[in-house]
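Visitor: Pasting the sequence and the predicted coordinates here, then a few questions.
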Amino acid sequence: MNSFAYKPTIAGERIVLRPLVASDAESMWFDLHDDEANRLTGTHGGITRDQVNDWCATRHDEDDRLDLAAVDGTTGEWLGEVVINEWDPDNWSCSFRITLSASARGRGLGTEATRLIVDYVFDELPVNRLELEVFAFNPRAWLSMSAWVFEPRAADAKRCIGTTNSSTPS
């Protein structure tokens, strides 16, 4: 079993999830200025370019979370990010979030990225519960998440995603 300190590369049919690196800062900075994504995810301004640069450069040092870039499996083009965070070792639970660039939306890539990370989390990490909050006014997220049917993999590892139907950030 792996730990959060190990940063995997996970290949799917069309996308690859790989560790976030310093050179991803430019793409992340661009995504942070996407008004639609910010509205749908509850992201608010106030983040500087230097903060984004530092963030991308230090994700490999974190041992209690996974920050992975979602990239095109053929071209390596940035598609967005997938994050597993808020690790609660007492309850073997953590949170999940995903953000896709405008060019990656509406193509089923969020569903593929979710499938890849959920399988990894439950197969390779000491996690029994994965939580995701989705705003009620985010129809693509609801559609993608409604595609999931979770079932137990083992007696001590249940697959479940808790969703919050909320219009205010938590």
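Guide: That came in fine, so what should we check first?
Visitor: Output the contacting helices and strands for the lengthiest helix in the chain.
Guide: Ranked by residue count and defined by DSSP state H, the top helix of the chain is helix 109-124. Other elements packing on helix 109-124 under the criterion 3 or more Cβ pairs under 8 Å, 6 or more residues apart in numbering; DSSP states H and E are strand 10-11, strand 15-19, strand 66-72, strand 78-88, strand 93-100, strand 129-131, helix 139-146. All C-beta spots, glycine's among them, are computed from the backbone N, C-alpha and C.
Visitor: just those: most buried one?
Guide: Greatest average neighbour count among those goes to strand 66-72 (a mean of 23), per mean count of other Cβ atoms under 10 Å.
Visitor: quick one: low-confidence ranges for the protein?
Guide: Residue ranges of the chain with pLDDT under 70: 1, 135, 141-170.
Visitor: Go ahead and flag the most central residue of it.
Guide: The chain has residue 82 as the residue nearest its centroid, 2.2 Å off, counting by Cα atoms, centre = their mean.
Visitor: And that residue, how far from residue 53?
Guide: Residue 82 is 20 Å from residue 53, where distance means Cβ to Cβ, to the nearest Å.
Visitor: Which residue is the nearest non-sequential neighbour of residue 18?
Guide: In space, and not counting its chain neighbours, residue 18 is closest to residue 9: 4.5 Å by Cβ to Cβ, 6 or more residues apart in numbering.
Visitor: Done for today, thanks.
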